[in-house]
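S.K.: mind folding the following:
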Amino acid sequence: MLIDTHCHLSREYYDDIDKVISDDKVSKVNKIVVSGCSKSDIEEVLQLKDKYEIIYVTLGYHPEYALEVTKKDLEDLKKKLNNSKVVGVGEIGLDYYYTKDNKEKQKWLFEEQLKIAVELNLPVVIHSRDATLDTIEILKKYNLRGIIHCFSGSLESANIYIKMGYFLGIGGVVTFKNSKLKDVVSKISLDNIVLETDSPYLAPVPYRGKINSSKYLNIIAKYIASLKNVSEYEVAKITSDNASSLFDFK
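M.R.: This is a model prediction of the structure:
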(Lines give C-alpha, C1' and ligand atoms only; values in the text may rest on other atoms or scores of the structure.)
Protein backbone atom coordinates (compact mmCIF):
# COMPACT_ATOMS: atom_id res chain seq x y z
CA MET A 1 0.00 0.00 0.00
CA LEU A 2 1.12 3.56 -0.72
CA ILE A 3 1.11 6.79 1.29
CA ASP A 4 0.94 10.18 -0.40
CA THR A 5 2.70 12.41 2.13
CA HIS A 6 1.83 15.69 0.46
CA CYS A 7 -0.98 16.93 -1.75
CA HIS A 8 -3.59 19.67 -2.06
CA LEU A 9 -7.10 18.32 -2.27
CA SER A 10 -9.65 21.06 -2.78
CA ARG A 11 -12.88 21.82 -4.58
CA GLU A 12 -10.90 24.54 -6.34
CA TYR A 13 -9.10 21.81 -8.32
CA TYR A 14 -11.41 18.79 -8.25
CA ASP A 15 -15.10 18.69 -9.14
CA ASP A 16 -15.82 15.35 -7.46
CA ILE A 17 -13.67 14.61 -4.42
CA ASP A 18 -15.63 11.44 -3.67
CA LYS A 19 -14.47 10.04 -7.02
CA VAL A 20 -10.90 11.22 -6.42
CA ILE A 21 -10.79 9.32 -3.15
CA SER A 22 -12.37 6.24 -4.75
CA ASP A 23 -9.79 6.27 -7.55
CA ASP A 24 -6.98 6.64 -5.01
CA LYS A 25 -8.15 3.57 -3.12
CA VAL A 26 -8.34 1.54 -6.33
CA SER A 27 -4.72 2.56 -7.00
CA LYS A 28 -3.76 1.13 -3.57
CA VAL A 29 -3.18 4.48 -1.89
CA ASN A 30 -4.34 3.92 1.67
CA LYS A 31 -3.33 7.20 3.30
CA ILE A 32 -3.23 10.74 1.95
CA VAL A 33 -1.74 13.70 3.80
CA VAL A 34 -3.42 16.89 2.61
CA SER A 35 -1.75 20.24 3.21
CA GLY A 36 -3.75 23.21 4.42
CA CYS A 37 -1.45 26.18 3.89
CA SER A 38 -3.72 29.21 3.64
CA LYS A 39 -6.63 30.42 5.78
CA SER A 40 -9.24 29.04 3.38
CA ASP A 41 -7.34 25.78 2.78
CA ILE A 42 -7.05 25.11 6.49
CA GLU A 43 -10.79 25.25 7.05
CA GLU A 44 -11.50 23.02 4.05
CA VAL A 45 -8.98 20.28 4.86
CA LEU A 46 -10.18 20.07 8.44
CA GLN A 47 -13.59 19.13 7.03
CA LEU A 48 -12.05 16.62 4.61
CA LYS A 49 -10.23 14.71 7.34
CA ASP A 50 -13.50 14.17 9.17
CA LYS A 51 -15.30 12.97 6.05
CA TYR A 52 -12.72 10.57 4.60
CA GLU A 53 -10.99 7.86 6.60
CA ILE A 54 -7.83 7.86 4.46
CA ILE A 55 -7.22 11.61 4.78
CA TYR A 56 -4.85 13.11 7.34
CA VAL A 57 -3.71 16.71 7.29
CA THR A 58 -0.84 19.07 7.95
CA LEU A 59 -1.53 22.74 8.68
CA GLY A 60 0.75 25.74 8.31
CA TYR A 61 1.14 28.98 6.42
CA HIS A 62 3.00 28.81 3.11
CA PRO A 63 5.69 31.51 2.69
CA GLU A 64 3.67 33.21 -0.04
CA TYR A 65 1.38 34.47 2.74
CA ALA A 66 4.20 35.97 4.80
CA LEU A 67 2.90 39.54 4.50
CA GLU A 68 -0.63 38.56 5.51
CA VAL A 69 -0.21 36.28 8.52
CA THR A 70 -0.51 37.89 11.95
CA LYS A 71 0.38 36.73 15.43
CA LYS A 72 -3.31 36.10 16.04
CA ASP A 73 -3.41 33.85 12.97
CA LEU A 74 -0.55 31.86 14.46
CA GLU A 75 -2.36 31.56 17.78
CA ASP A 76 -5.41 30.23 15.94
CA LEU A 77 -3.19 27.85 13.97
CA LYS A 78 -1.78 26.40 17.18
CA LYS A 79 -5.31 25.60 18.38
CA LYS A 80 -6.22 23.91 15.10
CA LEU A 81 -3.04 21.81 15.16
CA ASN A 82 -4.19 20.24 18.42
CA ASN A 83 -6.77 18.14 16.61
CA SER A 84 -7.37 14.53 15.62
CA LYS A 85 -5.75 13.42 12.35
CA VAL A 86 -3.63 16.57 12.18
CA VAL A 87 -0.19 15.02 11.84
CA GLY A 88 2.21 17.88 11.22
CA VAL A 89 2.99 21.55 10.62
CA GLY A 90 3.25 22.43 6.96
CA GLU A 91 3.84 23.31 4.39
CA ILE A 92 6.04 26.03 5.81
CA GLY A 93 9.35 27.45 4.74
CA LEU A 94 10.98 29.92 2.37
CA ASP A 95 10.39 30.82 -1.27
CA TYR A 96 12.65 33.35 -2.98
CA TYR A 97 11.66 32.39 -6.52
CA TYR A 98 9.31 35.30 -7.19
CA THR A 99 10.72 37.86 -4.76
CA LYS A 100 13.25 38.33 -1.98
CA ASP A 101 11.77 41.65 -0.92
CA ASN A 102 9.86 40.01 1.93
CA LYS A 103 12.70 37.71 2.95
CA GLU A 104 12.80 38.83 6.58
CA LYS A 105 9.04 38.42 7.00
CA GLN A 106 9.27 34.95 5.45
CA LYS A 107 11.99 34.00 7.91
CA TRP A 108 9.91 35.34 10.81
CA LEU A 109 6.85 33.33 9.75
CA PHE A 110 8.96 30.21 9.18
CA GLU A 111 10.60 30.36 12.60
CA GLU A 112 7.38 31.15 14.45
CA GLN A 113 5.83 28.00 12.98
CA LEU A 114 8.91 25.92 13.74
CA LYS A 115 8.59 27.06 17.36
CA ILE A 116 4.97 25.90 17.37
CA ALA A 117 6.07 22.50 16.02
CA VAL A 118 8.63 22.19 18.81
CA GLU A 119 6.03 23.16 21.42
CA LEU A 120 3.45 20.67 20.13
CA ASN A 121 6.02 17.97 19.31
CA LEU A 122 4.88 17.73 15.69
CA PRO A 123 6.91 16.99 12.55
CA VAL A 124 7.22 19.65 9.86
CA VAL A 125 6.77 19.71 6.09
CA ILE A 126 9.24 22.14 4.55
CA HIS A 127 8.84 24.20 1.38
CA SER A 128 12.16 25.57 0.11
CA ARG A 129 12.50 27.19 -3.30
CA ASP A 130 15.68 29.05 -4.26
CA ALA A 131 16.39 29.31 -0.54
CA THR A 132 18.40 26.21 0.39
CA LEU A 133 21.13 27.88 2.47
CA ASP A 134 18.71 29.95 4.55
CA THR A 135 16.42 26.95 5.00
CA ILE A 136 19.26 24.78 6.28
CA GLU A 137 20.60 27.48 8.62
CA ILE A 138 17.17 28.03 10.16
CA LEU A 139 16.36 24.32 10.52
CA LYS A 140 19.67 23.78 12.33
CA LYS A 141 18.32 25.88 15.21
CA TYR A 142 15.47 23.46 15.93
CA ASN A 143 15.50 19.83 16.94
CA LEU A 144 12.75 18.67 14.61
CA ARG A 145 11.99 15.90 12.16
CA GLY A 146 10.06 16.19 8.97
CA ILE A 147 9.98 16.17 5.19
CA ILE A 148 11.72 18.39 2.68
CA HIS A 149 8.72 18.65 0.42
CA CYS A 150 9.22 18.37 -3.35
CA PHE A 151 12.97 18.00 -2.94
CA SER A 152 14.87 18.95 -6.09
CA GLY A 153 18.30 19.93 -4.83
CA SER A 154 21.81 18.54 -5.12
CA LEU A 155 23.21 15.35 -3.61
CA GLU A 156 25.16 17.55 -1.21
CA SER A 157 22.04 19.31 0.10
CA ALA A 158 20.19 15.95 0.20
CA ASN A 159 22.86 14.53 2.48
CA ILE A 160 22.74 17.61 4.73
CA TYR A 161 18.99 17.29 5.18
CA ILE A 162 19.25 13.54 5.76
CA LYS A 163 21.95 14.02 8.39
CA MET A 164 19.63 16.50 10.13
CA GLY A 165 16.95 13.81 10.32
CA TYR A 166 14.69 14.84 7.44
CA PHE A 167 13.10 12.66 4.80
CA LEU A 168 13.13 13.81 1.19
CA GLY A 169 9.71 14.07 -0.45
CA ILE A 170 9.99 12.66 -3.97
CA GLY A 171 7.21 13.16 -6.51
CA GLY A 172 6.50 13.36 -10.21
CA VAL A 173 9.50 15.56 -11.00
CA VAL A 174 11.75 12.51 -10.77
CA THR A 175 10.09 11.15 -13.94
CA PHE A 176 10.70 14.29 -16.02
CA LYS A 177 13.12 13.77 -18.90
CA ASN A 178 15.55 16.57 -18.00
CA SER A 179 15.27 16.29 -14.24
CA LYS A 180 18.52 15.85 -12.34
CA LEU A 181 16.58 14.49 -9.38
CA LYS A 182 16.84 10.94 -10.69
CA ASP A 183 20.63 11.10 -10.24
CA VAL A 184 20.23 12.08 -6.59
CA VAL A 185 17.53 9.48 -5.88
CA SER A 186 19.68 6.73 -7.37
CA LYS A 187 22.45 7.57 -4.86
CA ILE A 188 20.49 7.83 -1.62
CA SER A 189 18.86 5.12 0.43
CA LEU A 190 15.14 4.39 0.29
CA ASP A 191 15.30 4.74 4.07
CA ASN A 192 15.53 8.50 3.51
CA ILE A 193 12.66 8.89 1.04
CA VAL A 194 8.91 9.37 1.27
CA LEU A 195 6.55 9.58 -1.69
CA GLU A 196 4.33 12.52 -2.55
CA THR A 197 2.37 13.84 -5.50
CA ASP A 198 1.91 17.54 -4.65
CA SER A 199 -1.42 17.17 -6.45
CA PRO A 200 -2.86 18.90 -8.38
CA TYR A 201 0.61 19.99 -9.51
CA LEU A 202 3.59 18.18 -11.05
CA ALA A 203 1.90 15.11 -12.48
CA PRO A 204 4.39 12.39 -13.46
CA VAL A 205 5.12 11.33 -17.03
CA PRO A 206 3.01 10.37 -19.03
CA TYR A 207 0.51 12.77 -17.41
CA ARG A 208 2.85 15.73 -17.14
CA GLY A 209 0.96 19.01 -17.62
CA LYS A 210 -2.36 17.50 -16.56
CA ILE A 211 -4.13 17.59 -13.21
CA ASN A 212 -2.22 15.40 -10.81
CA SER A 213 -3.79 12.97 -8.33
CA SER A 214 -2.71 10.62 -5.58
CA LYS A 215 -3.76 7.75 -7.87
CA TYR A 216 -0.56 8.41 -9.85
CA LEU A 217 1.63 7.65 -6.83
CA ASN A 218 2.19 4.11 -8.15
CA ILE A 219 3.82 5.59 -11.28
CA ILE A 220 6.33 7.41 -9.09
CA ALA A 221 6.97 4.28 -7.02
CA LYS A 222 7.50 2.22 -10.16
CA TYR A 223 9.93 4.75 -11.59
CA ILE A 224 11.98 4.86 -8.38
CA ALA A 225 12.01 1.05 -8.30
CA SER A 226 13.53 1.00 -11.79
CA LEU A 227 16.14 3.60 -10.78
CA LYS A 228 17.22 1.59 -7.77
CA ASN A 229 16.76 -1.86 -9.30
CA VAL A 230 14.37 -3.05 -6.60
CA SER A 231 10.73 -4.15 -6.66
CA GLU A 232 7.87 -1.68 -6.63
CA TYR A 233 6.65 -3.48 -3.49
CA GLU A 234 9.95 -2.66 -1.72
CA VAL A 235 9.66 1.02 -2.63
CA ALA A 236 6.05 1.13 -1.40
CA LYS A 237 6.85 -0.76 1.81
CA ILE A 238 9.93 1.24 2.82
CA THR A 239 8.56 4.67 1.94
CA SER A 240 5.26 3.92 3.69
CA ASP A 241 7.14 2.72 6.77
CA ASN A 242 9.14 5.94 6.70
CA ALA A 243 5.98 8.03 6.54
CA SER A 244 4.38 6.04 9.34
CA SER A 245 7.47 6.49 11.53
CA LEU A 246 7.19 10.26 11.09
CA PHE A 247 3.45 10.88 11.21
CA ASP A 248 1.13 9.69 13.96
CA PHE A 249 -1.52 7.94 11.87
CA LYS A 250 -4.18 7.11 14.45
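S.K.: what about stretch 50-66, distance to the chain center?
M.R.: Mean-position distance between stretch 50-66 and its chain equals 10 Å (C-alpha atoms, centre = their mean, to the nearest Å).
S.K.: end to end on that stretch, go ahead and measure it.
M.R.: Stretch 50-66 has an end-to-end distance of 28 Å (C-alpha to C-alpha, to the nearest Å).
S.K.: give the buried residues for it.
M.R.: Neighbour-count burial for stretch 50-66, counted by 16 or more other C-beta atoms under 10 Å, picks out 52, 54-64, 66. Bear in mind the C-beta positions are built from the backbone N, C-alpha and C, glycine included.
S.K.: cool, stretch 82-92 as well?
M.R.: 85, 86, 87, 88, 89, 90, 91, 92.
S.K.: show me the strands in the protein, by range?
M.R.: 2-7, 29-36, 55-59, 86-95, 124-129, 146-148, 166-170, 193-195 (DSSP state E).
S.K.: how about those in TSV, adding distance to residue 15 and mean pLDDT?
M.R.: TSV is the format used below for those (distance: least, C-beta to C-beta, whole Å; pLDDT from 0 to 100):
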stretch	distance to residue 15	mean pLDDT
strand 2-7	16	98
strand 29-36	17	97
strand 55-59	18	98
strand 86-95	24	98
strand 124-129	26	98
strand 146-148	29	98
strand 166-170	27	98
strand 193-195	25	98
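S.K.: would CSV of those with distance to residue 218 be doable?
M.R.: Listed next are the strands of the chain as CSV, based on distance: least, C-beta to C-beta, whole Å:
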stretch, distance to residue 218
strand 2-7, 6
strand 29-36, 8
strand 55-59, 18
strand 86-95, 22
strand 124-129, 22
strand 146-148, 20
strand 166-170, 14
strand 193-195, 9
